[in-house]
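1. No sequence on hand, only this structure:
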Ligand SMILES: [Zn+2]
């Protein structure tokens, strides 16, 4: 028996098996308490229900994601999406590249993407179109959460609305998330 069962399904008789994990016994019958696959153990005569692994989460419009800047084009930043908020430990089913159009960077005119993002920066963004994986960093908590000096790759430290390299003192600008440097999404 390998079919999926749901709570309440009868999966065996108690004269035949002992109730194992994910089951309970009621009036001579063994029933499932969880959704999963039934496994019977002939040796110790138990029947149990193994929980089914959740399928990986799909990106949806409105999701907050964390990713890495992989390319800066004229009007678009390409982002390799790594994680979805709320599913931090999970692989993403449709993991792919998202794109931030220059008009979705912040609530102000952006002339050049290079003043807002750097190569390999870690950013937090919102999915605004799940089909094309369009992302936005307009809101205050969105934008760059970790950036690296373009000269020596040292992680930059926030100084008000600019970022400074503790190694070479170079000052750089970004569309900084209010969560910059906190290591949280
Ligand atoms: Zn530097």
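-> Thanks, I have it. Bear in mind that the values here come from a model prediction, so they are computed numbers and not experimental data.
2. and the protein, which of its residues are near the ion?
-> By Cβ under 5 Å from the ion, the residues of the chain that approach the ion are 149, 151-152, 154, 165, 167-168, 170. For the C-beta atoms, the positions are set from N, CA and C on the backbone; glycine is no exception.
3. Mind checking which of those residues are in helices?
-> With DSSP state H as the criterion, helices contain none of those.
4. In TSV: those residues, plus neighbour count.
-> Putting the residues of the chain next to the ion into TSV (neighbours: other Cβ atoms under 10 Å) gives the following:
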residue	neighbour count
149	21
151	11
152	10
154	14
165	20
167	13
168	10
170	15
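5. Just send those residues back as a markdown table, with pLDDT too.
-> Converted to a markdown table, the residues of the chain next to the ion look like this (pLDDT from 0 to 100):
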| residue | pLDDT |
| --- | --- |
| 149 | 95 |
| 151 | 94 |
| 152 | 95 |
| 154 | 95 |
| 165 | 97 |
| 167 | 97 |
| 168 | 98 |
| 170 | 97 |
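6. Output the residues you listed as CSV; include the columns distance to residue 12.
-> Converted to CSV, these look like this (distance: Cβ to Cβ, whole Å):
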residue, distance to residue 12
149, 64
151, 68
152, 65
154, 62
165, 66
167, 66
168, 69
170, 69
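7. Domain-wise, how is this structure divided?
-> Domains of the chain are assigned by automatic domain parsing as 4-51, 64-172.
8. Compute the first-to-last residue distance for the first one.
-> Going back to what we said before, that points to domain 4-51. Using Cα to Cα, to the nearest Å, one end of domain 4-51 lies 10 Å from the other.
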